[in-house]
Each structure stands twice: as C-alpha cells, then as structure tokens.
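Trainee: please work out how this folds:
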Amino acid sequence: MIRRYPLIAAGGLIVAGVALLAVLAPLIAPYDPQQIDVHAILLDPSWQHWCGTDTLGRDVFSRMLYGARVSLAVGFVAVGISIAMGILLGAIAGFYGGRIDSILMRFTDMVLCFPTFFLILAVIAFLEPSIWNIMIVIGLTSWMGVARLVRAEFLSLREREFMLAAESLGVGAWRLITRYLLPNAMGPILVTAVLGVAGAVLIESGLSFLGLGVQPPDASWGNILTEGKDNIQLAWWLSLYPGMAILITVLGYNLLGEGLRDMLDPKHQ
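Mentor: Predicted coordinates:
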C-alpha cells in the first residue's frame with residue numbers, strides 16, 4: 001500500500017500528525033496560549049520558548065497548537081457544509097435533468113462568476129467576526145464545484161446497465177439515488193472533500209490575517225501572521241513558524257487528495 005500509493009502515505013502521515021497535535025494541544029502546550037508576560041516580549045526561539053514569543057509575551061508554540069484546532073475545525077465543518085449542498089443540488093440536477101438541471105446549473109454558473117474569496121469578504125463584512133460565521137460562510141460559498149462534479153457523475157452513471165435494470169424493475173427515485181448513484185459517485189466526492197479542507201484552511205488563515213476571521217485573544221495561524229507582518233524585522237519567527245504550519249498542513253491534504261485520486265481512478269489500477 002505504501003509503495004504503491006506513496007502520496008497517500010505521505011499525506012496521511014502529515015494530516016494525522018497535525019490532527020494529533022491539535023487534539024492533544026491542552027496536554028502538549030507548555031503555556032497558556034493567552035497568558036501575557038510583559039517580561040517575555042518578543043523573545044527569540046529557545047529551549048524555554050521553542051517558537052519564541054509574541055508582542056504580548058505569549059508563547060508562540062502554544063498558540064500555534066491551539067491555532068491548529070481552529071484551522072482544522074473550520075476546514076472540516078466548512079467542507080461538510082459545502083459537500084452536503086453540492087451533493088443535494090448536483091444530485092437533483094443530474095438525476096432529473098431537463099429544465100431542473102438547466103435552472104440549477106445556470107444558478108451555479110452565476111455564483112461561480114464571483115471570485116470566492118472576495119464573495120466571502122463581502123459576506124463577512126456584514127456579519128460579526130466569529131469562528132462559526134467563518135465556517136458557515138466558507139461552506140455556503142464553496143459548493144459549486146461539488147455540485148458540478150456530482151451532476152456529471154450522475155449523468156454518466158444513469159446510462160449504465162445496472163441503472164437501466166433498476167429502473168425497469170420500478171425502483172423509486174430516492175432508492176436509485178441513495179443506493180445506486182450516490183455510492184458509485186463517492187470516490188470523486190471524497191477526493192474533492194479532502195482537497196477542500198486544504199482550501200478552507202487557506203481561506204480561514206487569509207481572513208484571520210486580514211482581521212476578519214478569528215479575533216484576538218483566540219489563537220489562529222492567520223492572526224499570528226498578522227503580528228509577524230507588523231514586526232517582520234524584529235521577530236522573524238512570528239512569520240516563519242505559522243507560515244510553515246499552513247504550508248505543511250495544506251501540502252498534507254493536497255498529497256492525500258492526489259493519492260486518493262490515483263487509488264480510486266481505475267486507469268491507475
């Protein structure tokens with residue numbers, strides 16, 4: 001398995017490692033992530049503070065561990081919302097076709113015309129910045145690709161012999177979708193979901209960096225980077241370590257998604 005699909009092994013190891021650090025953050029973190037120490041402001045990385053301290057003397061390593069929980073929570077919840085919406089609309093469009101398909105796909109195309117990040121910024125501007133609002137907004141603005149994918153899979157699967165046989169036996173629409181179509185379309189959906197987590201992590205980090213995401217004193221990789229931007233010449237570690245955390249996490253999910261794509265694609269068997 002590892003030799004045949006090295007991308008899954010590498011990506012899975014990174015994803016599992018980041019998830020484990022996030023879950024065990026209360027046990028691993030050497031300091032309270034919100035503890036202010038005026039005697040330890042902008043200390044260089046050392047054995048006492050592995051990733052240095054920030055402008056309020058807080059331990060950056062501890063804040064990064066808790067920031068991992070925020071980033072992963074946003075990723076999973078936002079992707080869950082987008083996958084659910086995409087499956088619902090794509091399944092309806094692909095199964096019924098005709099006018100329903102045209103209306104839903106034209107609506108999807110219209111939403112796709114708006115740049116996703118700027119659409120999120122526009123919606124967030126009218127809402128109170130909070131972790132839950134971020135999750136919901138990212139999810140509600142990221143379903144279009146999933147809907148198009150599910151529609152295409154359903155249109156392809158509907159022409160298969162097993163579907164024609166099931167329809168000839170009088171199987172109902174709900175059962176056709178849930179028992180025959182959706183299970184056979186889950187491979188591409190799973191790949192899209194894994195890659196979507198990486199995108200959600202990047203969007204959340206970008207929003208927090210701009211001050212529209214997770215608000216201080218709560219820790220997020222994005223708002224740690226904001227401090228790094230303001231003190232780039234004095235405290236390089238405030239930019240390096242959270243930036244590396246985002247890079248490694250996104251790389252892990254991308255590798256895992258590409259590996260799953262190869263494994264589930266019959267052409268690579």
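Trainee: for Leu212, grab phi and psi.
Mentor: phi -110, psi 0 (degrees, to the nearest 10).
Trainee: distance check, the spatially closest residue to it that is not a sequence neighbour against Ile224.
Mentor: Closest residue in space to Leu212, ignoring its immediate chain neighbours: Ile124 at 5.0 Å, by Cβ to Cβ, 6 or more residues apart in numbering. No exception for glycine: its C-beta is placed from N, CA and C like everyone else's. Applying Cβ to Cβ, to the nearest Å, the value for Ile124 to Ile224 is 19 Å.
Trainee: looking at the two, which is more packed in?
Mentor: For the pair Ile124 and Ile224, the greater number of neighbours falls to Ile224 (27 against 19), based on other Cβ atoms under 10 Å.
Trainee: what secondary structure does the more buried one sit in?
Mentor: Classification of Ile224 by DSSP: H, G, I helix; E, B strand; the rest coil places it in helix.
Trainee: so the residue nearest to Leu212 is in contact with Ile134, correct?
Mentor: Yes: between Ile124 and Ile134 there is a contact under Cβ atoms under 8 Å: 7.3 Å.
Trainee: give me the common contacts of those two.
Mentor: Common neighbours of Ile124 and Ile134 are listed as Leu207 (criterion: Cβ atoms under 8 Å, 6 or more residues apart in numbering).
Trainee: now the helices for the protein?
Mentor: Listed in chain order, the helices of the chain (DSSP state H) span residues 6-23, 25-28, 60-96, 98-112, 116-124, 131-140, 144-157, 161-168, 173-175, 182-209, 221-230, 237-264.
Trainee: next, the angle from the longest one to helix 182-209.
Mentor: Using axes from the mean of the first three to the mean of the last three Cα atoms, to 10 degrees, the interaxial angle of helix 60-96 with respect to helix 182-209 works out to 140 degrees.
Trainee: would you mark the buried spots in helix 60-96?
Mentor: Buried positions in helix 60-96, judged by neighbour count with 16 or more other Cβ atoms under 10 Å: 60-79, 81-83, 85-87, 89-95.
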